[in-house]
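[1] Fold the following.
(2 chains)
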Amino acid sequence: MTDYVDAGEAVPHRTLSATKGQAPATSDVNYERIQQARNEPENWLTYYGAYDAQRYSTLDQINKDNVKRLTPAWVFQAGMNGLHSGASTYSFEACPLVVEGVMYVTGPDGKIWAIDAATGEELWRYKHASPYDVSLCCGNVNRGCAVGHGKVYMYTLNAHLICLDAQTGELVWDVVNGDVRAGESGSVAPLIVKDMVIVGSAGGEFGLRGHMDAFDAQTGERRWRTYTIPKPGEPGSETWGDEAGEAWQRGGANCWVTPSYDPELELLFQGTGNPAPDFDGDVRPGDNLYTDSTIAVDVNTGQIRWHYQFTPHDLWDYDSTMENLLFDAPDGRKLLAHADKNGYFFVLDRTNGELVRVFPFVDRITWGEITPDGKVTPKVYPDEEGVPVHFWPGPAGGKEWTHMSYNPNTGLIYVPVQEVGATATRRRREFRESIPYWGAGVAVDLDDFYGYVAAIDPLTGEEKWRWNNEYPMCASTLSTAGGLVFQGTPTGELVALDADTGEKLYSFQCGSGHHSSPSTYSVNGRQYVAVPTGWGGWVEGFLPGLLGASAGDALFVFALPES
Amino acid sequence: MTSTDRSDELHAAGLDGQNRTALGRLLGTGNVGHAEVGDDGIMRATVRIPEDELIFEPSIVVFPQGGEVELTLINDDKNTHCAVLPHNGDPKIIWLVNHSKGTARLSLGGPGTYYYGSTTGNDEGRGLTAALVFGGEVPDDAKQDRPPQPRP
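    As a prediction, this is how the structure comes out:
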């Protein structure tokens, strides 16, 4: 036989594509600029659009009068290749960022792209390789990136914080920040504050000790780490029973959704996840701080300044990781709004964590009751081995991680609501690293569900209107000065609602369900709405009635016709 | 059950070859190989595609930890295949015509398992899907601040 033919060396897949490998230079996105992000509505500079998590844009080219003419301007297909982790649970959950006509968006399976925001042309791509066997409670997902200081930051499935050059997509640094052998992962969109990048842990279903971390944005050096479960002797450790016990070591309280931030107070407002094991409270007696809480964290030191716990000693998997929306009352009081999984809407004084108001925002709450002064009384919970217990809301909550939005013109907060119950049957198990640690068998209801967008006045608790839907709402709302609220549905429609009345003004079928956070921006005076679609993630938790729905991973970008 | 028992059982069931019980070869039924770590720290291994077997052999290559990999790929088959391999930054592809030999330089984090395959036709389904397995632990500063925990 002759010598082997020289096959050469393997080349990057992207070299066999039309991707350009280069994005245009943009001006620097620094801390001062992100603080004023709402003043440049042509861009969507940070995860929530601004530090206050309002998900509101002052763009009004697309408005109530013309939204019926909205049409897709371009579509970007993420595509999946080969065997990847969570092969059946991938979902396009991100919020696209835009800087001066360049879109930065993450997809499932470690992918991130820079895309021409006007044409959809791929400018560069980067794919972080994550192991097939990484522990994922809730799917192969990523919620977005951060852009600033000439860099792009992404937190990966295997808990690496990576920093890329914003123009080329080339790797600048890669820091391992979590232990995949312990079941830790990453899905959160990082947040840039000052010269730091903030991320939080994921993996609460595997019995971790949750944490937030701040890194030097230039070097990747860790500035601080704050654990959300205190060690014995630290404040709050008395809420974990006997200090000689082990519950605190695997208590959860992960931080898998991006915090909001108040630059004047220099506080991050981070929601924390459920305690572990989720449904077996006997092994973790006490309130279990700081699970199911909002913690106000000093951005300079990582110190927890105050906390408010929404579901003490949680027995229903009621994470409170979802956003803390910052707004000010007419009298100037600095407030924070939080719609919790437990079905109650909380308004806090964000300077000190004092409860201002609490009221239910869903129709069915059976797990317990919270009085107007904040007293929590559990009523129905899995406390007897092998005995099924049904409760509302189910473990995905009255509202999951997907975000509400606020329109300062209407004074209303638009909440995507899920009305789904579940049955949990306590089944005690021993803890083993990387093995799910729930302490129960759980079946979420396959029928008797519905959803709606609720327009809530956070100053009174009044629901001004609701837009009803056959299926629960599992995607973030987006509010604009055009008097619109955008909402994706689980069955694939992007709808635009009248922000004053809730009337549906527009609908477009995208072909797969929505479980993401749309954003809006403009290029050369034309407003766009960017909508990642792709049904997946923890569907068995928030809407198992649609486990058989079509998957997908396309980014739709809408605009008004040019002519 | 010993490893010989396992391989005998797979053979008896017709699962370790092409067009026997099933159409292709059951994934993950090939042999296990181990990478060698060079003085330069690069982990090296060789995989071959034997004639008419439609597998990468060894089908499982074990590396001591994540890092830099140099994989030599040899196609001894009388058909054309390829390999799309995981790599931080972008997957890498190499085209492997009949009786060819090439190299893939990869950077991969550990611990964990990555799969690669020949993405032409349905080579992947017939058996040309293989694993790169990385052992080790994450760095100490990435671990949880807690006492050692029980593992399965």
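
[2] from here on, contacts and neighbour counts on C-alpha atoms
    Will do.

[3] Name the nearest residue to residue 125, sequence neighbours excluded.
    Using chain A here. Of all residues not flanking A:R125 in the chain, A:W113 sits nearest, at 4.4 Å (C-alpha to C-alpha, 6 or more residues apart in numbering or on different chains).

[4] Hmm, no, I was thinking of chain B.
    Taking C-alpha to C-alpha, 6+ apart, and ignoring the residues beside it in sequence, B:G125 has B:G24 as its nearest neighbour in space, at 7.0 Å.

[5] residues contacting that neighbour?
    Taking C-alpha atoms under 8 Å, 6 or more residues apart in numbering or on different chains as the definition of contact, the neighbours of B:G24 are B:17-18, B:125-127.

[6] Now do the same contact list for the residue nearest to A:R125.
    With C-alpha under 8 Å, 6+ apart as the criterion, the residues that contact A:W113 are A:103-106, A:122-126.

[7] how distant is the lengthiest helix in chain B from the center of its chain?
    Longest helix of chain B, by residue count under DSSP state H: helix B:3-12. Relative to the centre of its chain, helix B:3-12 is centred 20 Å away, using C-alpha atoms, centre = their mean, to the nearest Å.

[8] List of residues touching that helix?
    Among residues not part of helix B:3-12, those counted as contacts by C-alpha under 8 Å, 6+ apart are B:16-17, B:29.

[9] buried residues in it?
    If you call a residue buried by 16 or more other C-alpha atoms under 10 Å in any protein chain shown, then helix B:3-12 has these buried ones: B:S7.

[10] Unless I misread the structure, the residue nearest to A:R125 falls within a strand.
    Yes. Applying DSSP: H, G, I helix; E, B strand; the rest coil, one finds A:W113 inside a strand.

[11] Identify the bridge partners of B:T129.
    For B:T129, the beta-bridge assignment (DSSP bridges) gives partners B:G117.

[12] Max pairwise distance over the contacts of B:G24: which two?
    When the contacts of B:G24 are compared pair by pair using C-alpha to C-alpha, the farthest-apart members prove to be B:G17 and B:G125, with a separation of 12.7 Å.

[13] Who has more neighbours out of the two?
    Between B:G17 and B:G125, counted using other C-alpha atoms under 10 Å in any protein chain shown, B:G17 has the larger neighbour count: 22 against 17.

[14] who touches that one in this structure?
    Residues counted as contacts of B:G17 (C-alpha under 8 Å, 6+ apart) are B:11, B:24-26, B:53.

[15] Same list, the residues you listed, but as TSV with pLDDT and secondary structure please.
    As requested, the contacts of B:G17 are exported to TSV (pLDDT from 0 to 100; DSSP: H, G, I helix; E, B strand; the rest coil):
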residue	pLDDT	secondary structure
B:H11	95	helix
B:G24	97	coil
B:R25	96	coil
B:L26	96	coil
B:E53	96	coil
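
[16] Let me know the closest of those residues to A:W467.
    Distance to A:W467 across the contacts of B:G17 (C-alpha to C-alpha) is lowest for B:L26, with 50.7 Å.

[17] Without its sequence neighbours, what residue ends up closest to the closest one?
    On the basis of C-alpha to C-alpha, 6+ apart, the spatially nearest residue to B:L26 that is not a chain neighbour turns out to be B:L15, at 5.6 Å.

[18] Near the one you found, how many other residues are there?
    By the measure other C-alpha under 10 Å, the count of residues near B:L15 is 20.

[19] In chain A, which residue is most central in space?
    In chain A, the centroid-proximal residue (C-alpha atoms, centre = their mean) is A:V257; its distance is 4.4 Å.

[20] brain fart, chain B
    Nearest to the geometric centre of chain B sits B:A131, at 2.9 Å (C-alpha atoms, centre = their mean).

[21] and A:R69, what does it touch?
    When the contact criterion is C-alpha under 8 Å, 6+ apart, the partners of A:R69 are A:560-561.

[22] what do you get if the cut-off is 7 Å, keeping everything else the same?
    Contact partners of A:R69, counting by C-alpha atoms under 7 Å, 6 or more residues apart in numbering or on different chains, are A:L560.

[23] Report pLDDT for it.
    According to the model's per-residue confidence, A:R69 sits at a pLDDT of 98.

[24] do the same with A:G86
    Here the pLDDT value assigned to A:G86 is 89.

[25] Do I have it right that it meets A:C138?
    No. Shown here, A:G86 and A:C138 do not form a contact pair, counting by C-alpha atoms under 7 Å, at 8.6 Å.

[26] tell me the helices in chain A, going along the chain?
    Assigned by DSSP H, chain A shows helices spanning A:31-35, A:539-542.

[27] Tell me the buried residues in stretch A:204-215?
    Buried residues in stretch A:204-215, counting neighbours by 16+ other C-alpha under 10 Å, are found at A:204-215.

[28] give me the subset of these touching chain B.
    Judged by C-alpha under 7 Å from any C-alpha of the partner chain, the overlap between those and the neighbourhood of chain B comprises A:R209.

[29] Go through the buried residues of stretch A:204-215 and say which is closest to B:Q144.
    Ranked by distance to B:Q144 (C-alpha to C-alpha), the buried residues of stretch A:204-215 are led by A:R209 at 6.8 Å.
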